[in-house]
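Undergrad: What follows is a predicted protein model with its sequence.
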Amino acid sequence: MTAFVYILASRRNGTLYVGVTTDIAKRMTDHKAGIGSAFTSKYAVHRLVHLEIFDDLESARSREHSLKRWRRAWKLELIEKNNPQWQDLSEGLI
């Protein structure tokens, strides 16, 4: 089963959210509709800025927990390294 770990942002260097899912297209549709989570809805965190793909959910959850423990600066560096323009990567998914 394919699983995804993702980071959402409200804007460049804005509020961040780390999540995991097995259906990234549906999850992003939910987030953008304001039903993804109370946190993302409250803080308007809807821009997909980082995405990692895993072969199994257990590995993805392990990575999610690891990323959640990272310092904010490390998360920003990860995003900048792979998506320096902070483009919304969900545009091709939904």
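TA: Ah, there it is.
Undergrad: For this protein, just list every one of the helices.
TA: Applying DSSP state H to the chain gives helices spanning 24-33, 38-42, 57-69, 72-82.
Undergrad: Can you list the buried residues in the first one?
TA: To tie it back to what came earlier, the one meant is helix 24-33. I24, R27, M28, D30, H31, K32 (16 or more other Cβ atoms under 10 Å). In short, each C-beta sits where N, CA and C put it, glycine included.
Undergrad: Kindly report the same for the longest one.
TA: Across helix 57-69, burial judged by 16+ other Cβ under 10 Å covers L57, A60, R63, E64, L67.
Undergrad: Return the closest of those with respect to F4.
TA: The closest of these to F4 turns out to be A60 (Cβ to Cβ; 6.6 Å).
Undergrad: ok, the closest residue to L76 other than its chain neighbours - how many residues close by?
TA: Spatial nearest neighbour of L76, chain neighbours left out: N13 (6.6 Å); criterion: Cβ to Cβ, 6 or more residues apart in numbering. Residues contacting N13 under the criterion other Cβ atoms under 10 Å number 12.
Undergrad: and the gap between N13 and T22?
TA: Counting by Cβ to Cβ, to the nearest Å, the gap between N13 and T22 amounts to 29 Å.
Undergrad: Could you do W86 as well?
TA: Taken as Cβ to Cβ, the span from W86 to T22 is 25 Å.
Undergrad: Kindly report the same for T15.
TA: According to Cβ to Cβ, T15 and T22 sit 24 Å apart.
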